[in-house]
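A.B. asks: Pasting the sequence and the predicted model now:
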Amino acid sequence: ICGGLASTPAQERRDGFHEIVKGETGIEIIGGLDADWKKDQAQKLFQDALRTRDDIDVVYAHNDPMAHGAYLAAKRAGREDEIKFVGIDALPDEGVRWVRTGELTATFEYASPGAKGLDVALDILAGKTVPKRIALPTRVFTRANVEKGGEEIVEPEAKEAGKGEGE
């Protein structure tokens, strides 16, 4: 379930998701519903989707309220236990709370690029070489780790270079 597809964050979240799952065996993307970042719109759109599709296993929404809206639609249809619901943002009073209660399967928290962007800009102005790609820290919250503050996701390149949690 997408945020407003006219926005850059929605396009990037959609494109990133598609890039990760393309070529994965057994995954068919059947969504692309645009709920404009709104919980009530996601709930209505997903309610309609549930009427026409009985093969939905996972809902990935561009924010936690939309994931929760989809969960509420599934609950109303009696299908909430057959589907996993994943959102983005991990705000304490939304995504993290809904993971804690079991309404969302997972939520992801990622750093805002502002501070790192300023650091990189200053490095460029100082004549330093900067990497072409910079991965910002991301945490995943599931029922298994929500009480511990989630778990950092480390990119494969960072693991290979010997970098890990806390770096």
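C.D. replies: Cool, the structure landed.
A.B. asks: residues contacting Thr129?
C.D. replies: For Thr129, the contact set (CB atoms under 8 Å, 6 or more residues apart in numbering) is empty. Bear in mind the C-beta positions are built from the backbone N, C-alpha and C, glycine included.
A.B. asks: Now do the same contact list for the spatially most central residue of the chain.
C.D. replies: Closest to where the C-alpha atoms of the chain average out (CA atoms, centre = their mean) is Ile88, at 3.5 Å. Taking CB under 8 Å, 6+ apart, we find Ile88 in contact with 13, 61-64, 95, 107-108, 110.
A.B. asks: how about stretch 124-137: buried residues?
C.D. replies: Using 16 or more other CB atoms under 10 Å as the test for burial, stretch 124-137 gives Pro137.
A.B. asks: Report the distance from that stretch to the chain centre.
C.D. replies: When distances are taken as CA atoms, centre = their mean, to the nearest Å, stretch 124-137 is centred 25 Å away from the chain's centroid.
A.B. asks: Contacts only, for Gly3.
C.D. replies: Applying CB under 8 Å, 6+ apart to Gly3 gives the contacts 9-10, 13, 34-37, 62-63, 66.
A.B. asks: Show the buried residues in those.
C.D. replies: Burial by neighbour count, 16+ other CB under 10 Å: within the contacts of Gly3 this picks out 10, 13, 34-35, 37, 62-63, 66.
A.B. asks: Between those residues, which sits nearest Asp119?
C.D. replies: The shortest approach to Asp119 among the buried ones among the contacts of Gly3 belongs to Arg13, at 23.7 Å (CB to CB).
A.B. asks: Run the chain-centre distance for the host helix or strand of the closest one.
C.D. replies: With elements taken from DSSP states H and E, the one containing Arg13 is helix 8-21. For helix 8-21, the distance between its averaged C-alpha position and the chain's averaged C-alpha position is 10 Å (CA atoms, centre = their mean).
A.B. asks: now do stretch 48-67
C.D. replies: Averaged C-alpha coordinates place stretch 48-67 at 13 Å from its chain's average position (CA atoms, centre = their mean).
A.B. asks: Mind jotting down where the strands sit in the protein?
C.D. replies: Taking DSSP state E as the criterion, the chain contains strands spanning 58-60, 84-88, 106-110, 138-142, 151-153.
A.B. asks: JSON lines for the contacts of Ile88, including pLDDT and distance to Leu72?
C.D. replies: Formatted as JSON lines, those follow (pLDDT from 0 to 100; distance: CB to CB, whole Å):
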{"residue": "Arg13", "pLDDT": "87", "distance to Leu72": "21"}
{"residue": "Ala61", "pLDDT": "95", "distance to Leu72": "12"}
{"residue": "His62", "pLDDT": "94", "distance to Leu72": "17"}
{"residue": "Asn63", "pLDDT": "96", "distance to Leu72": "15"}
{"residue": "Asp64", "pLDDT": "97", "distance to Leu72": "12"}
{"residue": "Gly95", "pLDDT": "97", "distance to Leu72": "14"}
{"residue": "Thr107", "pLDDT": "98", "distance to Leu72": "16"}
{"residue": "Phe108", "pLDDT": "95", "distance to Leu72": "20"}
{"residue": "Tyr110", "pLDDT": "79", "distance to Leu72": "25"}
